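Peer 1: 3D, please:
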Amino acid sequence: MEEKTGPSERELANRLLGIVNASWMTQAVSVAARLGIADLLEAGPRTSSDLASACGCNPGALHQLLRALCALGICVQRERDLFEITPMGRLLGSNARYSVRSWAIYWGGAAWEVWARLQESVRTGDSVRSKITGAEGFEHLEKDPEAARIFNQGMVEMTRLIAADVARAYDFAGKRVVDVGGGYGELLATILETWPDARGVLFDMPHAISEARARFEARGLSGRCELVTGDFFASVPEGGDVYLLKSVIHDWNDERAKQILLCCRRAMSAQARLLLVERVMPERLEPTPEHQAIARSDLNMLVALAARERTFGEFEALLRAAGFDRVRLLPAGAFSLIEASPS
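Peer 2: Modelled structure (predicted):
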């Protein structure tokens with residue numbers, strides 16, 4: 001008789017429960033971010049009662065949260081009531097170079113409400129977020145400055161993790177780079193810092209551009225970058241050498257994505273290039289961290305925007321339908337660059 005190999009059914013059940021119950025981690029970290037725990041512990045260890053006074057919480061309840069954060073490696077409990085932030089926990093701080101504070105607040109807040117209705121999107125194919133906000137796409141951010149601030153800063157934090165890889169993966173030397181839908185401009189700013197002879201145009205909605213101005217000034221880049229507001233479904237600035245779109249096309253279904261690409265095509269000269277920065281969906285997903293990140297983003301596109309991540313073949317077909325050819329795929333770390341030329 002052959003011996004059974006692989007995990008037992010009970011082991012698999014426990015592994016599955018780890019996945020099912022993982023939501024507590026999102027909420028614990030998100031609450032810690034909203035309360036500013038990392039900033040409060042920046043100067044050194046503090047007691048939970050002291051922290052409770054500082055952030056207006058019930059002392060016993062905050063003690064429970066801090067213990068949970070210790071289990072996640074966010075804090076360390078030095079004595080019964082004394083807690084210290086860890087190097088990873090510092091990344092929930094406002095001033096950390098690679099802070100993910102705003103993303104944690106967004107993911108455990110506005111996104112949480114949307115994800116709770118995933119089944120509805122799976123049944124209908126519709127965006128749940130548009131039903132909650134009463135607005136399509138990102139229009140709701142124009143009416144809610146605080147939501148816009150958290151979302152856009154969360155995008156800065158996510159982009160910062162890959163910006164250097166993208167900037168080094170492509171030749172931007174001497175180019176005029178039009179960043180379409182670039183938010184606060186984190187990627188464009190990194191490209192300009194990496195390529196001193198490049199110039200930029202940041203193009204987005206008013207809620208993003210209004211904040212971007214001070215950021216480019218603070219980095220000494222305001223003289224090399226124009227800031228333009230507009231609607232990329234209607235038109236985009238002309239005269240660019242590279243039209244850069246990071247995580248824009250995945251936000252929209254094929255019809256709407258084609259509209260954006262057609263606007264870019266109309267603005268481009270024959271010598272200009274389109275450069276998409278996107279996750280590329282594999283033909284088959286496996287249970288790996290890399291594929292899980294793509295799957296999470298894919299479902300997030302569904303519930304938020306009735307959109308999806310695409311395979312390279314799907315990107316290529318979409319680009320050709322919008323008047324592009326010579327499509328090629330370039331690696332850039334966790335994301336990929338998809339370059340296309342006007343037909």
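Peer 1: every contact and neighbour count from this point should use C-alpha atoms.
Peer 2: Fine.
Peer 1: packing partners of the helix-or-strand element of the chain with minimal mean pLDDT?
Peer 2: Among the helices and strands of the chain, helix 140-143 carries the lowest confidence by mean pLDDT, DSSP states H and E, at a mean of 90. The criterion is 3 or more Cα pairs under 8 Å, 6 or more residues apart in numbering; DSSP states H and E, and the helices and strands that helix 140-143 contacts are helix 145-169, helix 206-218.
Peer 1: show me what the shortest one is packed against.
Peer 2: If I follow you right, that is helix 206-218. Secondary-structure packing of helix 206-218 (3+ Cα pairs under 8 Å, 6+ apart): helix 140-143, helix 145-169, strand 225-229.
Peer 1: could you give the separation of the first one from the chain centroid?
Peer 2: Helix 140-143 sits 18 Å away from the centroid of its parent chain (Cα atoms, centre = their mean, to the nearest Å).
Peer 1: quick one: residues in contact with it.
Peer 2: Under the contact criterion Cα atoms under 8 Å, 6 or more residues apart in numbering, helix 140-143 has outside partners 133-134, 147-148, 206-207.
Peer 1: so how do I select the buried members of the residues you listed in PyMOL?
Peer 2: Applied in PyMOL, the following selects the buried portion of the contacts of helix 140-143 according to 16 or more other Cα atoms under 10 Å:
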select buried, resi 148+206+207
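Peer 1: and which of the contacts of helix 140-143 is nearest residue 335?
Peer 2: Nearest to residue 335 among the contacts of helix 140-143: residue 148, at 24.3 Å, using Cα to Cα.
Peer 1: between the helices and strands packed on helix 206-218, which one is nearest to residue 278?
Peer 2: Residue 278 sits nearest to helix 145-169 of all the helices and strands packed on helix 206-218, at 10.6 Å, using Cα to Cα.
Peer 1: after that closest one comes which helix or strand?
Peer 2: strand 176-180 (DSSP states H and E).
Peer 1: angle of that following strand against strand 225-229?
Peer 2: Compare the direction of strand 176-180 with that of strand 225-229 by axes from the mean of the first three to the mean of the last three Cα atoms, to 10 degrees and you get 30 degrees.
Peer 1: against which helices or strands is strand 176-180 packed?
Peer 2: With contacts defined as 3+ Cα pairs under 8 Å, 6+ apart, strand 176-180 has these neighbours: strand 199-204, strand 242-246.
Peer 1: remind me which residues of the chain are low pLDDT?
Peer 2: 1-4 (pLDDT under 70).
Peer 1: re earlier: turn the contacts of helix 140-143 into TSV, columns for distance to residue 82.
Peer 2: Putting the contacts of helix 140-143 into TSV (distance: Cα to Cα, whole Å) gives the following:
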residue	distance to residue 82
133	42
134	45
147	34
148	36
206	45
207	41
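Peer 1: with respect to residue 259, which of the contacts of helix 140-143 is nearest?
Peer 2: Proximity to residue 259 was ranked across the contacts of helix 140-143 by Cα to Cα; first place goes to residue 206, at 20.3 Å.
Peer 1: which secondary structure element contains residue 190?
Peer 2: In the assignment (DSSP H and E), residue 190 maps to helix 186-194.
Peer 1: neighbouring contacts of that helix?
Peer 2: Applying Cα under 8 Å, 6+ apart, the external contacts of helix 186-194 come out as 156, 159-160, 163-164, 167-168, 172, 177, 179, 182, 198-200, 202, 216, 221, 224.
Peer 1: buried subset of those as a PyMOL selection?
Peer 2: To isolate the buried subset of the contacts of helix 186-194 in PyMOL, counting by 16+ other Cα under 10 Å, use the following:
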select buried, resi 156+159+160+163+164+167+172+177+179+182+198+199+200+202+216+221+224
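Peer 1: hmm, back to that, wait, which of the helices and strands packed on helix 206-218 is closest to residue 14?
Peer 2: Counting by Cα to Cα, and looking across all of the helices and strands packed on helix 206-218, nearest comes helix 145-169 at 31.4 Å.
Peer 1: if I look at residue 139, how far off is residue 303?
Peer 2: Computed with Cα to Cα, to the nearest Å, the distance linking residue 139 and residue 303 is 16 Å.
Peer 1: so between the two, which is more surrounded?
Peer 2: residue 303 (26 against 15; other Cα atoms under 10 Å).
Peer 1: give me the buried positions along the helix or strand hosting that one.
Peer 2: Counting by DSSP H and E, the secondary-structure element that holds residue 303 is helix 289-305. By neighbour count with 16+ other Cα under 10 Å, helix 289-305 contains the buried residues 294-295, 298-305.
Peer 1: stretch 114-122 too?
Peer 2: Of all the residues in stretch 114-122, those buried under the rule 16+ other Cα under 10 Å are 114-115, 118, 121.
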